[in-house]
Structures are given as structure tokens and as C-alpha cells.
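Q: Provided below are the primary sequence and the corresponding predicted coordinates.
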Amino acid sequence: MLTLARDAHLNLIDSSRQLFELDPGAEVEAGDGWVFGAGRSSHPLISNAAFRSDDELDPAELIARARRFFAARDRGFALWARAGSAEDRDLLDAAVEAGLQAAFEMPEMVLDRRAEEPPAADGVALWRVTSAADAEQYWRVATAAYASLGFPPEVFAFYDNDDGFAAGNVAAFLARLEDRPAAIAMTIVSHRVAGIYWVGTTEEARGRGLGWSVTAAAVNAGFDMGAEVASLQASPMGESLYRKMGFETIFSYRLLRCAGEEER
């Protein structure tokens, strides 16, 4: 379990870096044991993140370095830490000592087998994102789907950059309902893990099984690319679906917020 949890954590960090690189307005700094990403949006919990990739890196040093990086860009950030994990106990303690505030938790969930792919419902078409037009539709669905969770539209300002979907370790899927883009999911494979990211369904298309369909397609594409397990960080809206699909929680991520200077 320790190796699985570690590999899932590293997949999240590497995948986050790839996703930041899709944003033409983002800045990424990666060093020996850390990754910082500042997106086009200044939202401190969604678009600005600090990760520790080396469990031995001094947590106080990490937090101080992150504060300098994000302060130079006039924004706050979220430090991602594994709650209930011995590897991040020192990081959580240091975050509290540094005045960071626990803001959000989400379960890290894994599936160690291929996902069941249900037959497509009437009026539903599912395909892999392969063109700039597909990519634009993908991010427009993300914008609409995540609006109900409070995500600002500029988080998904990737419309002029579809190169990331062509990467050899990425597969993204788009479902259309009655010829309207309605649901999305992608996988990014690293460390033998198929990380599942940006799963969403537009409000008017929910309750029709589209979330299961696109998630299953992404999971199985990840296994086809050599992954041995699928991994995701579940939102409150998606957690029950993932449990029905067979995903199990192995730990939880705690996002600790560091406010920007303008918020203090």
C-alpha cells in the first residue's frame, strides 16, 4: 500500500505539472523535491498549488520557498498534504505552525482493475479528443460543469492550447448528448498509475450515466497505456459514483491555504 500511495502521489504531482503547462498564462517551478504551479487564475485553492515530491525535504523550507514564489506573483496558494499519512505528518505540523489554514479535503481513491464500460445510452456518443475543436469543447464542458463548484471560468482558459492532449501519456474523452458536448474525463499516466482528472458533466446532462461512461473510458485507456492502477481525487459530487465503480480510498488530501498579501 505504501508504494501504491507514493506512486499515486507522484502521479498527481507530475500530472498537475502537465496540466499547468496547458495553460499559456501559467508559471511552473520545479526543484529537487518540490513543484509549484501558478495558473492564469489567481484563485488560491484551484489554480495555485505547492507540492512536496520528496518526503525528506524540510517542510519549513518548502513552505518558505512557496511563499516567496507565490508572493512574487501577488497571490495565495494551496499546499497539498496527505492527511493521515506518516510521510506528511511533519508537513502538516509545519503548515499549522506557519499559519496555513485547512481549507478542503478530498479522498485519494484507487481502482486496481479495468472499469466496467456500460453500453452507450440513446442519444449519447463517446469519443477520444483528437483535434483542436475537440479540445475546445472539452474545456467548455469543464467550465460549465465546475461552475456549480465555484470554479471561475478563467481556470479553464486553455482553448488556444490543445498540444497536451497529444502527449503520449494522455487520453481525454468527450461525450455528446443529442449532439451537444456534455461530459468529459482524461487520464495522465505516470509511475504505473492512470491518474483520472477533470471529470465533469454539464448540469442539464447529469443523472444519465455519462460520468461513469467517460470515467471508465479514461481508466481503461490508462490501463491500455501500461498503468497497473487508476487513481483520482474525488470531489463531493463524484465520490459516490467512484465508489459504485469500485474505487477505494487509500488516504485523503488536505489543502492548506496560504493567503496572499492582499487578503491579510
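A: Nice, I can see it.
Q: and the closest residue to Asn48 other than its chain neighbours, what pLDDT?
A: Nearest residue to Asn48 in three dimensions, chain neighbours excluded: Phe77, at 4.1 Å (CB to CB, 6 or more residues apart in numbering). To be clear about C-beta, it is placed using only N, CA and C from the backbone, and glycine gets the same treatment. According to the prediction, Phe77 has pLDDT 98.
Q: same thing with Gly246?
A: Predicted confidence (pLDDT) for Gly246: 98.
Q: for the stretch 101-250 of the chain, which spans come out with low pLDDT?
A: For the stretch 101-250 of the chain, the stretches with pLDDT under 70 are 159-161.
Q: now the strands for it?
A: For the stretch 101-250 of the chain, applying DSSP state E, counting those that start in this stretch gives strands covering 101-111, 124-128, 170-177, 180-190, 193-201, 229-233, 248-258.
Q: out of these, which is closest to Phe36?
A: If you check each of the strands of the stretch 101-250 of the chain against Phe36 by CB to CB, strand 248-258 wins as the nearest, at 11.5 Å.
Q: listing partners with orientation, what would you give for the closest one?
A: strand 77-83 (antiparallel), strand 101-111 (antiparallel) (DSSP bridges).
Q: just give the nearest non-adjacent residue to Leu210, would you?
A: Setting aside the residues directly before and after it, Leu210 is nearest to Ala183 in space (CB to CB, 6+ apart), at 3.7 Å.
Q: surely the one you found touches Ala216?
A: No. Contact status for Ala183 versus Ala216: not in contact, 11.5 Å apart, counting by CB atoms under 8 Å.
Q: kindly present the strands of the stretch 101-250 of the chain as JSON lines, with separate columns for mean neighbour count.
A: Converted to JSON lines, those look like this (neighbours: other CB atoms under 10 Å):
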{"stretch": "strand 101-111", "mean neighbour count": "17"}
{"stretch": "strand 124-128", "mean neighbour count": "14"}
{"stretch": "strand 170-177", "mean neighbour count": "23"}
{"stretch": "strand 180-190", "mean neighbour count": "25"}
{"stretch": "strand 193-201", "mean neighbour count": "26"}
{"stretch": "strand 229-233", "mean neighbour count": "26"}
{"stretch": "strand 248-258", "mean neighbour count": "19"}
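Q: of all those strands, which one is nearest Leu210?
A: Taking CB to CB, strand 180-190 is the member of those nearest to Leu210, at 3.7 Å.
Q: tell me the angle that closest one makes with strand 193-201.
A: Angle of strand 180-190 versus strand 193-201, following axes from the mean of the first three to the mean of the last three CA atoms, to 10 degrees, is 160 degrees.
Q: can we start the residue count at 11 from this point?
A: In the new count, where the first residue is 11, that last one comes out as strand 190-200.
Q: how far off strand 180-187 does strand 190-200 point, in degrees?
A: Counting by the same axes, to 10 degrees, strand 190-200 points 160 degrees away from the direction of strand 180-187.
Q: by contact count, what packs against strand 190-200?
A: helix 12-32, helix 142-156, strand 180-187, strand 203-211, helix 220-234 (3 or more CB pairs under 8 Å, 6 or more residues apart in numbering; DSSP states H and E).
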